[in-house]
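Student: return a 3D structure for these sequence lines:
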Amino acid sequence: MLDLLQAIHDRRAAIERALVTLDEERATLQSELGELQIAENVGVRLSKGASHPRAAPPKEKRRVARKGRRRTNPKSPTRPAGIPQTAAMIREALADAASRGLPGLRPEEIRDFIRAKWWPGVHVDSVAPTAWRMATKEGRLRKEGSLYSLLKNEAPAEPTAGASRSGPAVNGAAHQPAPGDTGRAEAR
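Tutor: A predicted model of the protein is given here:
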């Protein structure tokens, strides 16, 4: 029986040594694999973007806002020519909401109104900061939680230049212009 136990002990020791060797070899291969991936990415970058099907896509660097500089969203579509200023579009969206009896709109709902009427590719990042500034810094809007609305003593804003009388539908409701529509755009 002692011979059997000794044989088992010897075999376990041999397996443990083999596993240590395999672990070391695996770590070496893993390191080499990482180095090859880096070299492949550099090769792709140096060949001016010629893509290799196995190359990892380069990671995008996030633009950092610096004091005094506007932060831009590189994925944001170009603003169409001839549309009203963002503040004017926000005010019209909120006037429409007030005329429909809504207490206010979230930035996403303001964006949806602007998308339907003027700027199909607008991102909420192009709308929310302006609405926030109009409410908190300039006092031109009311903000309660995430809802923005016109000030209580303010009549619904007139539609901006280029707006149709019936307006596009957002969330299934047609946008109606405020009474007395002159078609003037709000000044900045």
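Student: residue contacts, Gly104?
Tutor: Contacts here follow C-beta atoms under 8 Å, 6 or more residues apart in numbering; on that basis Gly104 touches Leu94, Ala97, Arg142, Glu144, Leu147, Tyr148, Ser149. For the C-beta atoms, the positions are set from N, CA and C on the backbone; glycine is no exception.
Student: wasn't Arg140 part of a strand?
Tutor: No: when DSSP: H, G, I helix; E, B strand; the rest coil is applied, Arg140 is found to be coil, with no strand at that position.
Student: thinking it is in contact with Trp132, fair?
Tutor: No: Arg140 lies out of contact with Trp132 (C-beta atoms under 8 Å); the separation is 11.3 Å.
Student: quick check: domain ranges of the chain?
Tutor: Using automatic domain parsing, the domain ranges for the chain come out as 1-58, 86-174.
Student: top of the contacts of Gly104 by number of neighbours, please.
Tutor: Leu94 (28 neighbours; other C-beta atoms under 10 Å).
Student: now do the contacts for Val124.
Tutor: Neighbour list for Val124: Pro107, Glu108, Arg111 [criterion: C-beta under 8 Å, 6+ apart].
Student: the last one contacts Gly121, doesn't it?
Tutor: No: with contact defined as C-beta under 8 Å, Arg111 does not reach Gly121; the gap is 10.5 Å.
Student: neighbour count for the two, which is higher?
Tutor: Set side by side, Arg111 and Gly121 show unequal neighbour counts under other C-beta under 10 Å, the larger going to Arg111 at 24 against 12.
Student: the more buried one: what's it in contact with?
Tutor: Under the contact definition (C-beta under 8 Å, 6+ apart), the residues listed for Arg111 are Val122, His123, Val124, Ser126, Val127, Ala128.
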